[in-house]
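**Student:** sequence below, structure please.
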Amino acid sequence: MPDFRPGLDLARDFYREVVRELVEVPHAAALLGEGSEVLGYDQPRSTDHGWGPRLLVFVSERHVRAVTDAVESGLPERFAGWPVRFFDSETGTVRHHVGVGTLGSWLLGQLGVSPGAVLPTSLPVSWWLAVPQQHLLQVTAGEVFTDEIGELTGVRDALAHYPRDVWLWLMASQWHLIGNAEPLVGRCAEAGDERGGRLVATRLVRLLAEQCFLQERRYWPYPKWFGTAFGRLPCADRIGPLLDELLDAREPAARERALVAALETVAGRHNELGVTPPVDPACGPFDVNIAGAVRPYRVLNAGRFVTACRDAVSDRALRELVTVGGIDQLTHADDALVNFTPWPGRLRSVYQGLLSGT
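**Tutor:** The predicted structure is shown next:
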């Protein structure tokens, strides 16, 4: 077996040294779609199934047949020591993995939309709330090796970030989830439920990490690569150690200290964004919001941040929607839900009904 090379490097060289010479019409070429190598997280372990040089080539409809034939007849048996034709788990056959087609057909299969719906950006709010972030990564991660047509680059740019109103509402929803969980650490400690306290702390670590992705305007991947992706966020050096302390805390007082430090740091990061008027990032006693009652658990009272984010949303229908979150906040989405079920599309219809009041 040849020495390991990151799949992105392998695909780039495969295009430049082999595939480019076979495509004599205007085209785009890229490594996109599923696979750890698209995200840049592949390792030697990744080569134990379905591994070899692969990429996508996008051409106009009238050129698909001719380019497909040229690629099929012109590819070598091996490249850089790796077989060019290797097992495809979807078809159960051994074949090459240079996909040739139109950008429109590929994008429709990935996201259920056409390039024309993306450029200019006209995708409805309901679409953004129902599309899994892993799907968006499959289009916006990876690398474009050439784009002589220009359409692929425009699509990726348009999908690189949530629109501002959707972004603000998702951050409001994330603060809502954090606000629901933050007092439970103290309540579990008061009840003598050490295991429960650890479980809630673990949930808060995940919720705070997700808020970091939103604040950095980065999509998060499915669970296998979530921690790896978090570690590459610009804020990870500052916030990661605090989340580690919260995970590692083994007694209630240490857990509360770690939670307060993490909450205040993520809250401070919110103010640094400058997307809402500043909100006091200091923790204090838990405001129960019932007849002025408070409890002595030190929390952020994150509802203040929910209100600030929601008030900054200009779309009235979205602003008034209950902050339940998008698909990745509502579910523990994995690749089965994301890639092999109709649930994202069905959820889109639900959101559309809620936003339109029907």
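
**Student:** pLDDT-wise, which helix or strand of the chain ranks last?
**Tutor:** The weakest-scoring helix or strand in the chain, judged by mean pLDDT, DSSP states H and E, is helix 335-340 (a mean of 75).

**Student:** after that helix, which helix or strand is next?
**Tutor:** Next in sequence after helix 335-340, counting helices and strands by DSSP states H and E, comes helix 343-356.

**Student:** thinking residue 335 is in contact with residue 132, fair?
**Tutor:** No - Residue 335 lies out of contact with residue 132 (CB atoms under 8 Å); the separation is 9.4 Å. Heads up, the C-betas are built off the backbone N, CA and C, glycines and all.

**Student:** sorry, back to before: for the least confident helix or strand of the chain, the distance to its chain's centre please.
**Tutor:** Chain-centre distance of helix 335-340: 14 Å, with CA atoms, centre = their mean, to the nearest Å.

**Student:** same check, this time on stretch 124-138
**Tutor:** Put simply, stretch 124-138 sits 9 Å off its chain's centre (CA atoms, centre = their mean).

**Student:** excluding chain neighbours, what is closest to residue 89?
**Tutor:** residue 50 (5.7 Å; CB to CB, 6 or more residues apart in numbering).

**Student:** hang on, I meant residue 219
**Tutor:** Nearest to residue 219 is residue 133, by CB to CB, 6+ apart, at 3.9 Å.

**Student:** now do residue 38
**Tutor:** residue 142 (4.2 Å).

**Student:** the one you found and residue 83, how far apart?
**Tutor:** Separation of residue 142 from residue 83 (CB to CB, to the nearest Å): 22 Å.

**Student:** next: residue 154.
**Tutor:** 35 Å.

**Student:** residue 217 now?
**Tutor:** Going from residue 217 to residue 83 by CB to CB gives 39 Å.

**Student:** with neighbour numbers in mind, choose between those two.
**Tutor:** Higher neighbour count among residue 217 and residue 83: residue 83, with 15 against 11, using other CB atoms under 10 Å.

**Student:** per-domain residue ranges of this protein.
**Tutor:** 7-159, 164-325 (automatic domain parsing).

**Student:** who wins for proximity to residue 331 among the ones you listed?
**Tutor:** With distances scored as CB to CB, the stretch of the domains of the chain nearest to residue 331 is domain 7-159 (8.6 Å).

**Student:** which strands or helices does the helix or strand harbouring residue 239 pack on?
**Tutor:** Using DSSP H and E, residue 239 sits in helix 236-248. Secondary-structure packing of helix 236-248 (3 or more CB pairs under 8 Å, 6 or more residues apart in numbering; DSSP states H and E): helix 194-215, helix 226-231, helix 252-273.

**Student:** list the buried residues of the top helix by length along the chain.
**Tutor:** Secondary structure of the chain per DSSP state H: the longest helix is helix 164-190. For helix 164-190, a neighbour-count test (16 or more other CB atoms under 10 Å) marks 165-179, 181-186, 188-189 as buried.

**Student:** so residue 249 is in contact with residue 255, correct?
**Tutor:** Yes - here residue 249 lies in contact with residue 255, judged by CB under 8 Å, at a distance of 3.8 Å.

**Student:** overlap of the contact sets of these two?
**Tutor:** residue 201 (CB atoms under 8 Å, 6 or more residues apart in numbering).

**Student:** and these two? which has more neighbours close in?
**Tutor:** Neighbours were counted for residue 249 and for residue 255 using other CB under 10 Å; residue 255 has more, 25 against 19.

**Student:** OK, contacts around that one?
**Tutor:** With CB under 8 Å, 6+ apart, residue 255 has these contacts: 185, 189, 197, 198, 201, 246, 249.

**Student:** and whichever strand or helix holds residue 139, C-alpha only, in PDB?
**Tutor:** In the assignment (DSSP H and E), residue 139 maps to helix 133-140. The C-alpha coordinates for helix 133-140 follow below in PDB (Å, rounded to 0.1, in the frame of the first residue of the first chain):
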ATOM      1  CA  GLN A 133     -25.100  21.900   8.300                       C
ATOM      2  CA  GLN A 134     -23.400  18.700   7.100                       C
ATOM      3  CA  HIS A 135     -25.100  19.200   3.800                       C
ATOM      4  CA  LEU A 136     -23.900  22.800   3.600                       C
ATOM      5  CA  LEU A 137     -20.400  21.600   4.400                       C
ATOM      6  CA  GLN A 138     -20.600  19.100   1.600                       C
ATOM      7  CA  VAL A 139     -21.000  22.000  -0.800                       C
ATOM      8  CA  THR A 140     -18.800  24.700   0.800                       C
END
